[in-house]
Structures are given as C-alpha cells and as structure tokens.
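> Need a 3D model of the following:
(one chain, ligands or ions: 1)
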Amino acid sequence: MSIELPRLPYAQDALEPFISATTLQTHHGKHHRAYVDKTNGFIAGTPLADAKLETIVAQAAQRKASEPAMVALFNNAAQAWNHGFYWLSMRPGGSSPQGALEARVRADFGGLPALRDALKAAATGHFGSGWAWLVADGAALKVISTSNADTPLVGKQVPLLVIDVWEHAYYIDHHERRAAYVTGVVDQLLDWEFAARNYERAIAP
Ligand SMILES: [Fe+2]
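Numbering: from 1, shown residues only. So this is what the prediction gives:
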C-alpha cells in the first residue's frame, strides 16, 4: 500500500476567478502529485511502507534531527498532508463559521472581519515559502505561519484552516502579487464549516 493523491473536492475551475483551473492543474496535478510520489519512493520497502500519511509525517518529524534521510521524507510527506488540508480549507463560494467556532471567533478576535485581517497579514507577511494557519491552541484560536513544509500537525496546536503561500499557489494567476491571491482566498473561498468541524473535534473532551 502507498499513499494516494486525494481527488480535488471540487472541479478544477470551481475556484475561479480567484484561483484558476490552470493553477489547480499544476498545483494539484503536478506539485501535490510530486510530493505524494516522492513520499512513496522514500517509504517503499521500509517499515513505513504501509503507514498512514499522518504517521509518516509524525515519524519523520521525530527522527529528522538524528537521521538526515528523514529530512527529505518529512519535507515531502508534510507537503503532501498540508496540500490535502489546503484543498479542504476552500470551497466555491466560501461559507460562514458556525457553532462553537463562531462564538470563539467573536471571543478571541471580536468577529470574523478581524480574524480575516489577521489571516491576511500572516499569509501576506510570511517571508518566503510556507503556510498561514488558523489553529486551535487548547480552546483558543491562533493565527500562525510556518516555513517550507513545516506543519502544526506534528505539534500541540490543531490545524483548522490553511492558506498555501508558496509562489506556485499564486504565480500563474497573480504573478508576484501574493496579497491579491490571499485576499481572494480569505474573503471568498475559505470553508469555515470545515474549520468549525475541525474545531469541534479539537475541543472535544
Ligand atoms: Fe502548494
């Protein structure tokens, strides 16, 4: 068994005009596929060959400080996981926060507009390649960014939503204008119902 490239949860042109079909063809069909294929190449014939992607990421994260071969596995496996989570973080037309998440957005940020501003600032301001995340830190909501393949999946915080800020996510559509891409994703595409489900799981006793 090996890990698989997940299908996009919408049509390739469903996120237009904010993210084009051309971008999704390349980003999902080539970049994400390459991370999956390289991960499978690294785990073939090893004890991780049949492991779930989350387990591979966790193992590689734990071992990469002492085993140099684990660095490349971590980078590819974490990128494979981050991209799967990114596709699920968006939906055509976006959605609104519900339930416990909606109440916590008001408590921690004063409302959705301020949280959107914080996400835009983190995504636009992150230096170099990486990811901007909404995470649950205990019951509290936090906006963070990570570099390269780094992911809160291997820490104590629980990922709720993510925005890819690698250039490959926006260069075809927006060239160097990362802020234009980020504004489209945050204001029009983020799936707050997905975040609300993740939040409810994060705070469940
Ligand atoms: Fe990406």
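
> and the longest helix anywhere in the chain, which residues are buried?
Longest helix in the chain by number of residues (criterion: DSSP state H): helix 69-88. Along helix 69-88, these residues count as buried under the neighbour rule (16 or more other Cβ atoms under 10 Å): 70, 73-88. Using the backbone N, CA and C atoms, a C-beta is placed for each residue, glycine as well.

> Keep only those of these that are also close to the ion.
Residues shared between the buried residues of helix 69-88 and the neighbourhood of the ion: none [Cβ under 5 Å from the ion].

> avg pLDDT for the longest helix of the chain?
Helix 69-88 comes out with an average pLDDT of 98.

> cool, stretch 46-59 as well?
Here stretch 46-59 scores 97 as its mean pLDDT.

> how long is it from one end to the other?
Using Cα to Cα, to the nearest Å, the end-to-end distance of stretch 46-59 comes out at 12 Å.

> do the same with stretch 151-158
Using Cα to Cα, the end-to-end distance of stretch 151-158 comes out at 10 Å.

> Repeat that for stretch 90-108.
Stretch 90-108 has an end-to-end distance of 22 Å (criterion: Cα to Cα).

> Could you give me the buried positions within it?
So, applying 16+ other Cβ under 10 Å, buried residues of stretch 90-108: 90, 91, 92, 94, 95, 97, 101, 102, 104, 105, 108.
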